[in-house]
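>>> give me the fold of what follows.
(chains A and B)
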Amino acid sequence: QVQFVQSGAEVKKPGASVKVSCKASGYSFTTYVMHWVRQAPGQRLEWMGWINAGNGNTKYSQNFQGRVAITRDTSATTVYMELRSLRSEDTAVYYCARENGPFDYWGQGTLVTVSS
Amino acid sequence: DIVMTQSPDSLAVSLGERATINCKSSQSVFYSSTNKNYLAWYQQKPGQPPKVLIYWASTRESGVPDRFSGSGSGTDFTLTISSLQAEDVAVYYCQQYYFTPQAFGQGTKLEIK
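Numbering: from 1, shown residues only, chains lettered A, B, ... in the order given. Next comes the predicted model:
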């Protein structure tokens, strides 16, 4: 069955970087586009970007002004999301999700807390 | 960017009654070449990721109870729960997946009256 397992919770200081992983299983990894979506406390879901797991092409939300990078390792069937220059407003749960028209499968979420 | 606006922000409905949630997009998400509306509905329970209920505006995801239905076209869409059950308490989001960024509505919190 399709499954995504994300890395564990992180606590970071302002200005630091975080890299969250999302391990895929149960389907042909390179066939789909993968997205990252975050949810700050009490806020709506916010799209961050996507990666074509086949060719590695990416597209990012302008809201992150070059702070985000999404990569993948096809041999490990894993996608990564790195967010740099963290600030307190980046405290959120970060999700990976598979695109199949809508987002049909999601990871369990990774809480990233940014605090001094 | 396209903006998705849901109404109401919260809703309290008695068990067995109908619940209706609306979603409006700032631009049409209907693509004439495919004759499809690129609109999905998700259900999110506390501590869980969103779960897709409806896609192409009105197609129910496999395994989703038939009390959930979606309707609408272009810019105006509706999610209807025909007979509310206790397990339907959740936050519901609409999402357009026609444009990048794939924007979500602000969410509607559904509770039992």
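>>> now do the same contact list for the residue nearest to B:R67 when sequence neighbours are not counted.
Residue nearest to B:R67 in three dimensions, not counting chain neighbours: B:S82, with 4.5 Å by Cβ to Cβ, 6 or more residues apart in numbering or on different chains. For the C-beta atoms, the positions are set from N, CA and C on the backbone; glycine is no exception. In this structure, B:S82 makes contact with B:R18, B:R67, B:F68, B:S69, judged by Cβ atoms under 8 Å, 6 or more residues apart in numbering or on different chains.
>>> any idea how far A:N52 is from the residue lying farthest from the centre of chain B?
Distance from the centre of chain B peaks at B:S33, with 23.4 Å (Cα atoms, centre = their mean). To A:N52, B:S33 is 21 Å away according to Cβ to Cβ, to the nearest Å.
>>> which residue ranges of chain B form strands?
Using DSSP state E, the strands of chain B run over B:4-7, B:10-13, B:19-25, B:30-31, B:36-37, B:39-44, B:51-55, B:59-60, B:68-73, B:76-81, B:90-96, B:108-112.
>>> so A:Q108 versus B:Y92, what's the distance?
Note on A:Q108: its distance to B:Y92, by Cβ to Cβ, is 20 Å.
>>> and for A:I51?
Using Cβ to Cβ, we find A:I51 at a distance of 28 Å from B:Y92.
>>> residues in contact with the most centrally placed residue in chain B?
Residue closest to the mean C-alpha point of chain B, counted by Cα atoms, centre = their mean, is B:W41 at 3.2 Å. By Cβ under 8 Å, 6+ apart, the contact set of B:W41 is B:C23, B:V52, B:L53, B:I54, B:Y55, B:F68, B:G70, B:L79, B:Y92, B:Y93, B:C94, B:Q95.
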